[in-house]
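Colleague: generate coordinates for the sequence data below:
(one chain, ligands or ions: 2)
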Amino acid sequence: MIVTMEVNGEPRSAEVAGWESLLWVLRERLGLLGAKDACLQGECGSCSVLVDGDLVCACLVMAADAEGAQVTTVEGLASSGDLHPVQRSFVDQGAVQCGYCTPGLIVATAHLLEQDPDASDTDVREALAGNLCRCTGYGALVRAVAAARTATATDDGSAAPVGDGADREVRS
Ligand code: FES
Ligand code: FES
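Modeller: Ligands and ions are numbered 1, 2, ... in the order given. Have a look, this model is predicted:
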């Protein structure tokens, strides 16, 4: 079947098999390697993307179910060559970890701050609990989110938009 989506603001189509996940299609059909295939069981958050504004594990979403959806991957956060404020904060605060966990952490953080620009450190730890790293700590991540919290606030106090800005649910 052909699945058509809007990915990072551009219409994309791919021939997919019924068993293929959104993660598989993003990586193997569309060449977007930012979302990582780690556990493939919805446990680690490495494949976090936004689908119609919801934070989801792309490994748990069937590609066919994404027909017509707006999908945002980590590649879609930067605009006009400028890093998203969350990406900038991760760099500035030394919170960039390995290539497996970092993309998902950045997508999840951007989603959190759009939903709750004033998220407390406790909120941050809770929101990132589904993005697993067992090889380092979360201290630098919390510091980076605190820095991004300020950076994402716009003049009117709202957060920088990510995806379509619709109400979102925690990843499945
Ligand atoms: S690869 Fe999807 S949650 Fe781990
Ligand atoms: S999983 Fe990426 S640094 Fe631990």
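Colleague: in this structure residue 86 contacts residue 78, no?
Modeller: No. Using C-beta atoms under 8 Å, residue 86 is not in contact with residue 78; the gap is 10.2 Å. Heads up, the C-betas are built off the backbone N, CA and C, glycines and all.
Colleague: more crowded one of those two?
Modeller: Using other C-beta atoms under 10 Å as the criterion, residue 86 and residue 78 rank with residue 86 on top: 30 against 13.
Colleague: quick one: contacts for the more buried one?
Modeller: Applying C-beta atoms under 8 Å, 6 or more residues apart in numbering to residue 86 gives the contacts 77, 106, 109, 110, 113, 144, 145, 148, 151, 152.
Colleague: counting only helices, which of these make the cut?
Modeller: Taking DSSP state H as the definition of helices, the contacts of residue 86 contribute 106, 109, 110, 113, 144, 145, 148, 151, 152.
Colleague: for the chain, which segments count as strands?
Modeller: 2-7, 10-15, 48-51, 54-57, 70-72 (DSSP state E).
Colleague: got the contact list for the shortest one?
Modeller: Read that as strand 70-72. The contact list for strand 70-72 (C-beta under 8 Å, 6+ apart) reads 5-8, 22, 26, 49-53, 107, 162-164.
Colleague: for the third one, same thing?
Modeller: For strand 48-51, the surrounding residues in contact (C-beta under 8 Å, 6+ apart) are 22-23, 26, 35, 55-58, 61, 66, 69-74, 103-105, 107-108, 111, 131, 162-163, 168, 171.
Colleague: what do you get if the cut-off is 6 Å, keeping everything else the same?
Modeller: Applying C-beta atoms under 6 Å, 6 or more residues apart in numbering, the contact partners of strand 48-51 are 35, 58, 69, 71, 72, 73, 104, 107, 108, 163.
Colleague: that strand pairs with which strands, and in what direction?
Modeller: strand 54-57 (antiparallel), strand 70-72 (antiparallel) (DSSP bridges).
Colleague: could you give the mean pLDDT of the last one?
Modeller: Read it as strand 70-72. For strand 70-72, mean pLDDT is 98.
Colleague: likewise the first one?
Modeller: If you average the pLDDT over strand 54-57, you get 98.
Colleague: now that strand: how far from the chain's centre is it?
Modeller: 7 Å (C-alpha atoms, centre = their mean, to the nearest Å).
Colleague: so who does the residue most central in space within the chain touch?
Modeller: Computing the C-alpha centroid of the chain and ranking residues by C-alpha atoms, centre = their mean puts residue 107 first, at 2.4 Å. When contacts are counted by C-beta under 6 Å, 6+ apart, residue 107 touches 48, 74.
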